[in-house]
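Engineer: structure for this input, please:
(4 chains)
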2 protein chains.
Amino acid sequence: MGKSDKLSMKDVGPTEPVLTRQRKAVLDVVRSGDTHPTAAEVFESARKAMPGISFATVYNSLRYLKEAGLVREVAFGSGASRYDRETDRHDHAICSACGTLVDFDLPGTVGLIGAAARASRFKPESVHLTLVGLCPGCRERK
Amino acid sequence: MGKSDKLSMKDVGPTEPVLTRQRKAVLDVVRSGDTHPTAAEVFESARKAMPGISFATVYNSLRYLKEAGLVREVAFGSGASRYDRETDRHDHAICSACGTLVDFDLPGTVGLIGAAARASRFKPESVHLTLVGLCPGCRERK
DNA sequence: TTTATAATTAGAATAATTATAATTCTAACT
DNA sequence: AGTTAGAATTATAATTATTCTAATTATAAA
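Structural biologist: So this is what the prediction gives:
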């Protein structure tokens, strides 16, 4: 077979992600707004921009985008996974009352990576902190 | 089935958890060994000690025990939730190669709770750190 | 014992995710 | 432009995970 079987949108690198129209639509949904949509919510939104898109393609695309490092999967509790547009290292806060998930960055977290690696004996790749508490809205309501 | 399906532990407080035989069986499974079993794995093990137990009761019991603070639910990725016998505040390491989940305690984590609360604007309840990396076994294999 | 309350069970129902197979699309090569 | 190879998409089926419902059984209280 030929040398380049695959077609890149831009020729930036050897493993440049291929953004098909469907994948782009999915990525756009995850990137628009600062919510952390579930696969079902992404499907709902994506089909507005692209009525023919299927649920399977949304899952395929999310997996692809995740592996390409363009979105991040966040799981908590036993519900559906949520998808995060923020792919840089960051931390999460989860509301114990309403489930709201918020991103924030705490520079101090990375400072613990060495100690965490020592304590767990793992070879570290990344760390993140999860804060559980009441979001501003729910705190007010109490 | 048998005779007495209910037995209270000690009379410590007004909201003392009621540990029925089934709940006790589920709790014992989570507490034995240092794995983090899924609900299905708990069911498999629990039925050895108690052949008649149903999947629904395992789920009910896990939810009950979680709410009573006797076990903890840990979710990551899009697979099944896992259950952790360790209920004191602690941190987790997840192997990016094989999925192994390990508990450890990093005293420094709690030191970040104030900063995390400020950054997120949440009223803090708990924090924990998640380290992603290679577990000792997988590191060796590379 | 009668009554009330709560737990357990079996199984159905729902939700979430993944796999399969057929079809369509894309771009590299005639 | 036509052909082709392989990837992507689609529709659907299958699987996995979790929750709900209704009937039954157990426990505790009166």
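Engineer: next SSE after the lengthiest strand in chain A?
Structural biologist: For chain A, the strand that runs over the most residues, judged by DSSP state E, is strand A:123-134. Tracing the chain C-terminally past strand A:123-134 and defining elements by DSSP states H and E, one meets helix A:136-141 next.
Engineer: quick one: that next one to chain centroid distance?
Structural biologist: Its chain's C-alpha centre and that of helix A:136-141 lie 26 Å apart, by Cα atoms, centre = their mean, to the nearest Å.
Engineer: pull out the buried residues from that helix.
Structural biologist: For helix A:136-141, burial by neighbour count (16 or more other Cβ atoms under 10 Å in any protein chain shown) applies to A:C138. Backbone N, C-alpha and C define where each C-beta goes, glycine included.
Engineer: same check on stretch A:30-48?
Structural biologist: Quick answer for stretch A:30-48 (16+ other Cβ under 10 Å): A:V30, A:T35, A:H36, A:P37, A:A39, A:E41, A:V42, A:F43, A:S45, A:A46, A:R47.
Engineer: return the subset of those lying in helices.
Structural biologist: Secondary structure of the buried residues of stretch A:30-48 is defined by DSSP state H; positions in helices are A:V30, A:A39, A:E41, A:V42, A:F43, A:S45, A:A46, A:R47.
Engineer: save these as a markdown table, and put in pLDDT too.
Structural biologist: Formatted as a markdown table, these follow (pLDDT from 0 to 100):
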| residue | pLDDT |
| --- | --- |
| A:V30 | 95 |
| A:A39 | 95 |
| A:E41 | 94 |
| A:V42 | 95 |
| A:F43 | 95 |
| A:S45 | 94 |
| A:A46 | 94 |
| A:R47 | 92 |
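Engineer: of the residues you listed, closest to DNA strand C?
Structural biologist: A:A39 (4.3 Å; Cβ to the nearest atom of the strand).
Engineer: rewinding a little: keep only the ones in helices among the buried residues of stretch A:30-48 that also lie close to DNA strand C.
Structural biologist: Restricting those to those within reach of DNA strand C (Cβ under 7 Å from any atom of the strand) leaves A:A39.
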